[in-house]
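Student: pasting the structure only:
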């Protein structure tokens, strides 16, 4: 019985860390290799900091046994390694500067050089205790991610890939792939997350790196995300641009939502259509976040978020039935190039040219885009259905399919409002339609002047110029329910200018 095993005092330098605790097929591992693994895989530096701050408490003594004339630590390797590193910071290799900062912060910490341990008769006798402590089979093989963490932790300015191949010849052919995995693991754990659920998924090993490997192994995906590996498996840069970071977060969310896994055709190059479609989808996220959405050549000249009342396309007027079908604009404003009929591309508001000598205004370049301007908006919610709808809207050609885009915009707005209230712990009735949902939103933000202004712009009713009518709940509902209502490209852009800032506040 463990409670009858002897307890003795032992010097730290007389304790040997357990090689079998690191499941690498090598008989002889240097103590520094084990410690470096624990630094990267088991947060050893955090434990060292806690011990320096709070002191070493031995209410749970390490369990050791005698093997080959040494006292080998069977249980408590992390604590013993922390104490050893505090006494000899050089053990942690490339992480020594970080440990030195902890030591400087707690200069008066009184660290033991001798600790109490419990001596088990043998490793075999101790196995039931170890299995109970760790709720599993202590001899099970390491996961691929654990192997990657081990090899990656050894790499430093003084330890090269060739050194690792020489030291671990059985795994020589796999070490570069392990290093790549270690680099990606370090990268995704270092970027900031807005969604705590996604952060938990990534940082608490719920994301299987062997699954993510299927994505970053694909050259086209790496290219879109700005990832480039050296021949030794290390990344050329771990400083991602905001756009590339948004793309990587989107990729990780797809794994969290179960959209992607090791069997997904989107990640298999032999499934060409699905793979290319996903790469294009990912590129859309990156370009949207960078402010240069895919589309025609005018994309770089767009003026996002202007609202554009009074904008007109260079091509001229629109079908006059748009105004009557929507029940809104009357097309009563003049444009620089002549009058417009109908309301879809209504000109500047009635007072725009009242002052004599007003300068001629050209078309709003944003309204000439064939795709909506997603710059400044990246979906950061957790609903896979809403995420897919948003990505569909991002890719729709609003010149060819304005009504599809307009109707989808309505759906996205309603769903985003409901997701927001769910996240606040105040879920709305699932049967609530857009109008009542917007009313609830207005009540929620009544003390927020900027948000109230945005909501009022889509909540207005009655007679108004078509440019103001676009994007209102009345207009969006008409598009969905009125058989005579239809949208033009400029209206879709005007509506998006009003709706995008609201979505950014709710789910961006």
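Tutor: Alright, I've got the coordinates. Everything numeric here is computed off the predicted structure, so don't read it as measured data.
Student: for the residue nearest to residue 437 when sequence neighbours are not counted, what are its contacts?
Tutor: Counting by C-beta to C-beta, 6 or more residues apart in numbering, the nearest residue to residue 437 once its immediate chain neighbours are dropped is residue 417, at 4.5 Å. In this view, the C-beta of every residue, glycine as well, is placed from N, C-alpha and C. Taking C-beta atoms under 8 Å, 6 or more residues apart in numbering, we find residue 417 in contact with 428, 437-438, 440-441, 506.
Student: from the residues you listed, which is closest to residue 88?
Tutor: Distance to residue 88 across the contacts of residue 417 (C-beta to C-beta) is lowest for residue 506, with 52.8 Å.
Student: the closest one and residue 415 touch, don't they?
Tutor: No. Using C-beta atoms under 8 Å, residue 506 is not in contact with residue 415; the gap is 9.9 Å.
Student: follow-up on the earlier one: now name the helix or strand holding the residue nearest to residue 437.
Tutor: With elements taken from DSSP states H and E, the one containing residue 417 is helix 402-423.
Student: the residue nearest to the spatial centre of the chain is in what secondary structure piece?
Tutor: Against the mean C-alpha coordinate of the chain, by C-alpha atoms, centre = their mean, the closest residue is residue 249 at 2.4 Å. For residue 249, the enclosing helix or strand under DSSP H and E is helix 242-256.
Student: mind listing what's buried in that helix?
Tutor: Applying a neighbour-count criterion of 16 or more other C-beta atoms under 10 Å, one finds 243-256 buried in helix 242-256.
Student: likewise stretch 63-83?
Tutor: Applying a neighbour-count criterion of 16+ other C-beta under 10 Å, the buried positions in stretch 63-83 are 63-65, 71-83.
Student: stretch 96-107 now?
Tutor: By neighbour count, and taking 16+ other C-beta under 10 Å as the criterion, the buried residues in stretch 96-107 are 99, 102-103, 106.
Student: so for residue 282, what's the pLDDT?
Tutor: Residue-level confidence at residue 282 comes out at 93, pLDDT.
Student: just give the number of residues close to the residue lying closest to residue 181 once chain neighbours are set aside.
Tutor: Leaving out its chain neighbours, the residue that sits closest to residue 181 by C-beta to C-beta, 6+ apart is residue 148, at 3.7 Å. Neighbours of residue 148 under the rule other C-beta atoms under 10 Å: 28.
Student: same check, this time on residue 470
Tutor: Here the number of neighbours of residue 470 (other C-beta under 10 Å) works out to 34.
Student: cool, residue 88 as well?
Tutor: Residues contacting residue 88 under the criterion other C-beta under 10 Å number 15.
Student: which residue ranges make up each domain of this structure?
Tutor: Using automatic domain parsing, the domains assigned to the chain come out as 2-141, 172-290, 298-351+362-508.
Student: which stretch among the ones you listed is buried most, on average?
Tutor: A comparison of those by mean neighbour count, using mean count of other C-beta atoms under 10 Å, puts domain 298-351+362-508 on top with a mean of 19.
Student: for residue 194, what is the enclosing helix or strand?
Tutor: Residue 194 belongs to no helix or strand when assigned by DSSP H and E.
Student: who touches the closest residue to it other than its chain neighbours in this structure?
Tutor: If you skip the residues right next to it in sequence, residue 194 has residue 380 as its closest partner in space, 4.7 Å away by C-beta to C-beta, 6+ apart. When the contact criterion is C-beta under 8 Å, 6+ apart, the partners of residue 380 are 194-195, 249, 507-508.
Student: correct me if wrong, but residue 380 is in a helix.
Tutor: No. Secondary structure assignment (DSSP: H, G, I helix; E, B strand; the rest coil) places residue 380 in coil, not in a helix.
Student: what pLDDT is listed against it?
Tutor: At residue 380, the model reports a pLDDT of 89.
Student: which SS state does residue 73 fall under?
Tutor: Going by three-state DSSP: residue 73 is strand.
Student: any idea how far residue 369 is from residue 462?
Tutor: 30 Å (C-beta to C-beta, to the nearest Å).
Student: can you check residue 102 too?
Tutor: Spatial separation of residue 102 from residue 462 under the definition C-beta to C-beta is 65 Å.
Student: next: residue 386.
Tutor: When distance is defined by C-beta to C-beta, residue 386 is 31 Å away from residue 462.
Student: and what of residue 212?
Tutor: 53 Å.
Student: what about stretch 442-460, start to end distance?
Tutor: According to C-alpha to C-alpha, to the nearest Å, stretch 442-460 extends 12 Å from its N-terminal end residue to its C-terminal end residue.
Student: hmm, residue 492 and residue 369 touching each other?
Tutor: No. Counting by C-beta under 8 Å, residue 492 is not a contact partner of residue 369; they are 9.9 Å apart.
Student: anything in contact with each of the two?
Tutor: Residues touching both residue 369 and residue 492 (C-beta under 8 Å, 6+ apart) are residue 398.
Student: quick one: the strands in the stretch 301-450 of the chain?
Tutor: Counting by DSSP state E, counting those that start in this stretch, the stretch 301-450 of the chain has these strands, from start to end: 334-335, 338-339.
Student: for the stretch 51-200 of the chain, same thing?
Tutor: Assigned by DSSP E, counting those that start in this stretch, the strands in the stretch 51-200 of the chain fall at 63-67, 70-75, 114-119.
Student: re earlier: give me the pLDDT for the residue nearest to residue 181.
Tutor: Looking at residue 148, its pLDDT is 88.
Student: where does residue 157 land on pLDDT?
Tutor: pLDDT, the model's per-residue confidence, is 84 for residue 157.
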